[in-house]
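> after the sequence you'll find the predicted model.
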Amino acid sequence: MITARTDSYFNRTKQIVQRFGDCRVTYAVFLRRPVVSAPRLALDWMRAVAEARGTDIQIDLVHEEGTWVGAGDPLIYATGSLIALSDLETLLLQKLGAACVAAHNAYQMCLELPNVAFLAMEARHCAGAEMQEMMAYAAAIGSRAAQAEGAKGFIGNANDATAHWFGQKAGYGTMPHALIGYAGTTVRAAEMFHETYPNEPLTVLVDYFGREVSDGLAVAHRFRELAAEGRLAMRLDTHGGRFLEGLDPAESYAVLERHAPAAIRRYRSETELRHLVGTGVSAAAVWKMREELDAAGFTKVRIVASSGFGVGKCRVMAEARAPIDVVGTGSFIPDAWSETYATADIVEYDGAPRVKVGREFLLRRGEARRKSGGGQ
């Protein structure tokens with residue numbers, strides 16, 4: 001399987017070295033952008049391959065899992081037989097780069113909204129089970145790094161298979177839009193869910209019919225006890241083609257003028273303005289929903305926000321002090337996939353330092369180079 005999936009020149013290198021004689025080499029593995037170290041899946045795979053091949057691979061982890069790594073700074077030095085290592089590079093890089101970038105994104109998102117809980121909803125955007133596992137792992141690692149700095153971070157995810165990364169036995173979730181379409185009304189969908197899962201908190205999507213406020217209040221009145229107990233939440237997932245019920249550009253500005261005037265009184269990019277006062281789940285939309293719930297006496301009903309909550313949107317929501325309780329997002333998945341490309345270069349041959357010109361920064365520099373970790 002490795003032979004079939006690796007680049008052919010690595011397979012040919014392996015055959016050449018088998019003919020002319022093995023040597024012991026050290027690879028340095030790095031990314032060209034800052035990341036959070038998320039190497040576990042890659043290292044577990046490498047160790048499993050070494051065991052299966054009956055060879056020894058010495059792994060020096062320069063940056064422990066969950067720590068920040070600067071651009072170009074080696075994450076890993078791997079030392080072993082060139083015959084055993086030469087065909088592993090392609091697959092190793094696949095398992096490392098994207099995870100580290102996604103972990104960095106998750107870390108930033110959690111720090112931008114430190115008082116908000118996050119749910120990972122990446123599975124639907126992943127290209128298969130391996131990517132799903134990698135992205136969930138990455139979100140968990142980035143989250144833990146942010147939690148170490150006081151953020152709530154990711155408290156769970158949306159499916160059972162990867163819930164273990166978040167310390168959970170199962171995924172979270174109540175209803176998709178399809179259930180509301182099936183039920184015919186938002187209130188009836190909420191009733192169906194509650195009748196089926198009477199002991200679980202209830203989170204209701206309220207945008208299906210374009211009546212977020214009206215349907216949200218109707219659900220709150222129907223489930224007053226859950227609302228009073230703080231076990232009822234409204235999920236805003238309004239798509240970007242329209243405003244939340246009761247909003248337009250002028251009213252969106254007016255809402256933020258009441259709650260976060262400083263957020264709209266400085267220069268904003270077009271994207272930032274959309275996050276503040278545009279269509280979809282804007283800061284104004286969240287504030288509008290909070291106003292209406294509070295005015296009706298439902299101060300303990302929580303607001304769950306979803307739809308495009310990447311690092312930039314989280315930052316804008318923080319500046320607008322948007323009253324979000326939970327964010328559901330898969331937007332820690334890297335946008336620019338080219339940023340996820342990890343690179344490996346051999347930096348020692350039988351103990352002699354040697355690397356292609358321009359990559360001298362990868363050479364070992366003794367203990368001064370080592371930020372953390374050690375032989376694994």
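Structure received.

> how about the helices in the stretch 1-150 of the chain?
Remark: helices of the stretch 1-150 of the chain, listed N- to C-terminal, are 2-5, 8-20, 40-53, 82-85, 89-112, 129-147; assignment by DSSP state H, counting those that start in this stretch.

> quick one, which of the ones you listed is nearest to Pro74?
The minimum distance between Pro74 and the helices of the stretch 1-150 of the chain falls on helix 89-112, with 11.7 Å, by C-beta to C-beta. Backbone N, C-alpha and C define where each C-beta goes, glycine included.

> returning to that earlier point: among the helices of the stretch 1-150 of the chain, which is the most enclosed?
Mean neighbour count, computed with mean count of other C-beta atoms under 10 Å, is highest for helix 89-112 among those, reaching a mean of 25.

> strands of the stretch 101-250 of the chain, residue ranges please.
For the stretch 101-250 of the chain, the strands identified by DSSP state E, counting those that start in this stretch occupy 117-120, 153-157, 202-205, 232-236, in order along the chain.

> among the helices of the stretch 1-150 of the chain, which is nearest Thr340?
helix 89-112 (4.2 Å).

> what is the mean pLDDT for that closest one?
Confidence over helix 89-112 (mean pLDDT, whole number) is 98.

> same deal with stretch 115-130?
Confidence over stretch 115-130 (mean pLDDT, whole number) is 96.

> that older thread, in TSV: the helices of the stretch 1-150 of the chain, plus distance to His63.
Compiled in TSV, the helices of the stretch 1-150 of the chain are given as follows (distance: least, C-beta to C-beta, whole Å):
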stretch	distance to His63
helix 2-5	26
helix 8-20	25
helix 40-53	12
helix 82-85	20
helix 89-112	9
helix 129-147	11
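
> of all those helices, which one comes closest to Lys313?
Using C-beta to C-beta, the nearest of the helices of the stretch 1-150 of the chain to Lys313 is helix 89-112, at 8.8 Å.

> what is the orientation angle of that closest one with strand 153-157?
Using axes from the mean of the first three to the mean of the last three C-alpha atoms, to 10 degrees, the direction of helix 89-112 lies 120 degrees away from that of strand 153-157.

> which among the helices of the stretch 1-150 of the chain is found nearest to Asp350?
Each of those was checked against Asp350 via C-beta to C-beta, and the shortest separation belongs to helix 82-85, namely 9.5 Å.

> residues contacting that closest one, please?
Contacts to helix 82-85, defined as C-beta atoms under 8 Å, 6 or more residues apart in numbering, come from residues 13-14, 17-18, 22-25, 27, 50, 53, 55, 57, 78, 346.

> out of the strands of the stretch 101-250 of the chain, flag the one nearest Ala103.
Comparison of these against Ala103 by C-beta to C-beta identifies strand 153-157 as nearest, at 11.1 Å.

> contact partners for Thr279?
When contacts are counted by C-beta under 8 Å, 6+ apart, Thr279 is found next to Thr238, His239, Gly240, Gly241, Arg242, Phe243.

> buried ones among these?
The neighbour-count criterion (16 or more other C-beta atoms under 10 Å) marks Thr238, Phe243 among those as buried.

> among the contacts of Thr279, name the ones in helices.
Counted as lying in helices by DSSP state H, out of the contacts of Thr279, is not a single one.

> with pLDDT added, can I get the contacts of Thr279 in CSV?
Rendered in CSV, the data for these read as follows (pLDDT from 0 to 100):
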residue, pLDDT
Thr238, 97
His239, 93
Gly240, 94
Gly241, 95
Arg242, 97
Phe243, 98
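
> can you tell me what sits against stretch 332-346?
Counting by C-beta under 8 Å, 6+ apart, stretch 332-346 makes contact with 25-33, 82, 89, 92-93, 96-98, 100-103, 105-106, 109, 120, 122, 125-126, 135, 138-139, 142, 310, 354-356, 359, 362, all of which sit outside it.

> for stretch 141-156, that is, sorry about that
Taking contacts as C-beta under 8 Å, 6+ apart, the residues outside stretch 141-156 that touch it are 36-38, 40, 65-68, 99, 102-111, 113-120, 139-140, 163, 166, 168, 171-172, 332.

> so what's the gap between that stretch and the chain middle?
Averaged C-alpha coordinates place stretch 141-156 at 11 Å from its chain's average position (C-alpha atoms, centre = their mean, to the nearest Å).

> let's test this: mean pLDDT of that stretch, rounded?
Averaging pLDDT along stretch 141-156 gives 98.

> for stretch 211-230, same thing?
pLDDT averaged over stretch 211-230 equals 98, rounded to a whole number.

> what about the residue nearest the centre of the chain, which helix or strand?
Averaging the C-alpha coordinates of the chain gives a centre point, and the residue nearest to it by C-alpha atoms, centre = their mean is Phe332 (3.2 Å). Using DSSP states H and E, Phe332 is not contained in any helix or strand.

> for it, give me the pLDDT.
Per-residue confidence at Phe332 stands at 97 (pLDDT).

> and Met1, by the same measure?
At Met1 the predicted local distance difference test score is 88.

> that one: how many residues sit nearby?
Taking other C-beta atoms under 10 Å as the neighbour definition, Met1 ends up with a count of 6.

> roughly how far does it sit from Val35?
27 Å (C-beta to C-beta, to the nearest Å).
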